[in-house]
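Q: the sequence and its predicted three-dimensional model are supplied below.
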Amino acid sequence: MNGIVAGVGEALAVLPPPMRDPVLFAVPFFLLLLILEWTAARKLEHLEQDRPAAGSYARRDAWASISMGLVSVATTAGWKFVALLGYAALYAYVAPWQLPATAWYTWVIALVGVDLLFYAYHRIAHRVRIIWATHQAHHSSEYFNFATALRQKWNNSGEILMWVPLPLLGVPPWMVFASFSVNLVYQFWVHTERIDKLWAPVEFVFNTPSHHRVHHGMDPEYLDKNYGGILIIWDRLFGSYQDELFRPHYGLTTPVNTFNIWTLQTREYVAIGRDVARARRWRDRLGFVFGPPGWAPRQAAAPVPPRNLRLWKPSSTVTSTPR
């Protein structure tokens, strides 16, 4: 473990300080918490007939999550490099002012702005199928533990576009990236069943394990709820909040039945392509791409057979024309 930490430190040392990603610094802590939770799960695990025990791990599922997280570190770095070029141009040539990186209020704008924009992106990702295709991999596990937190998407293009308002407001691009990394690191600890509900004021303001368990639930009461990253107040303000009423059933409404990380990342794109190819109308093709997950064209009603007017006679008790 010490060798891994030293290697990460040496790699970060070649980067300018503003570009040193806090997520990389947090990796050793991620691993430590994951190991502690896994150990607790082994000690406390009990069998349930219908679904995984609370907080339990499955080896293949956990390795799939960890593997997707490792690949995500590389793909996210690539997307951030692309975004850096665009953000720098917006910050230097379009923004009406440049906020000072040393001012406390710039950090408040960056952190709160990223969290609000994350909420907006997250909600869109659950309601627009082409964006859901990137996000569904994170929800594909039927387990809920710290390994699930590492089950990240590889396509960050949607989030990159969602952050554009911040450099336009004069937030330095590196602060945008740092703030999102802080947001991502915070969300790691909410992926656990080992922490019950917290003190009521904390539950009211912040995203907690209880809130995020609801978000990962596939139960009808829990679908498309609790999108917040650090703050849960966005859900309370915009009508997407749901309290935890019972232990959720985790995963997608249609089980994926695979641990192949490539399939987990691409399966929904393949399904969209298949649906678009078989559609006959352009509005149906657009619906399959930009409609909500599960969208399908409305089926035309079956034609009503005509009445046999020669045999039909109105009842003497009927005074109005029948429909």
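A: Okay, I see it.

Q: give the residue spans of the stretch 151-300 of the chain that score low on pLDDT.
A: 300 (pLDDT under 70).

Q: that one: helices as residue ranges?
A: Using DSSP state H, counting those that start in this stretch, the helices of the stretch 151-300 of the chain run over residues 157-162, 165-168, 173-188, 200-205, 209-216, 233-238, 261-278, 282-290.

Q: how about the stretch 1-150 of the chain?
A: Under DSSP H, counting those that start in this stretch, the stretch 1-150 of the chain gives helices at 2-13, 22-44, 59-89, 104-127, 129-135, 146-149.

Q: pull the distance from the third one to the chain's centre.
A: A distance of 14 Å separates the centroid of the chain from that of helix 59-89, by CA atoms, centre = their mean, to the nearest Å.

Q: ditto for the fifth one
A: On the basis of CA atoms, centre = their mean, helix 129-135 is displaced by 9 Å from the centre of the chain it belongs to.

Q: got it, and the shortest one?
A: On the basis of CA atoms, centre = their mean, the separation between the geometric centre of helix 146-149 and that of its chain is 13 Å.

Q: could you say what helices and strands that helix packs with?
A: helix 22-44, helix 59-89, helix 173-188 (3 or more CB pairs under 8 Å, 6 or more residues apart in numbering; DSSP states H and E). Any C-beta I mention is one placed from the backbone N, CA and C, and that applies to glycine too.

Q: distance from the last one to the middle of the chain?
A: On the basis of CA atoms, centre = their mean, helix 173-188 is displaced by 15 Å from the centre of the chain it belongs to.

Q: next, the angle helix 104-127 makes with that helix.
A: 60 degrees (axes from the mean of the first three to the mean of the last three CA atoms, to 10 degrees).

Q: now do the contacts for residue 258.
A: 264, 267 (CB atoms under 8 Å, 6 or more residues apart in numbering).

Q: could you rerun that using 7 Å?
A: By CB atoms under 7 Å, 6 or more residues apart in numbering, the contact list for residue 258 reads residue 264.

Q: how near is residue 151 to residue 132?
A: When distance is defined by CB to CB, to the nearest Å, residue 151 is 15 Å away from residue 132.

Q: return the set of buried residues in stretch 232-244.
A: Within stretch 232-244, the residues that count as buried by 16 or more other CB atoms under 10 Å are 232, 233, 234, 235, 240, 241, 242, 244.

Q: burial count for the residue nearest to the last one when sequence neighbours are not counted?
A: Yep, that's residue 244 we're talking about. Leaving aside its sequence neighbours, residue 244 sits nearest to residue 210 (CB to CB, 6 or more residues apart in numbering; 4.6 Å). Residue 210 is flanked by 18 other residues according to other CB atoms under 10 Å.

Q: just checking, residue 210 touches residue 200?
A: No: applying CB atoms under 7 Å, one finds residue 210 not in contact with residue 200, separated by 11.2 Å.

Q: ok, back up a step: higher neighbour count, residue 151 and residue 132?
A: residue 151 (25 against 18).
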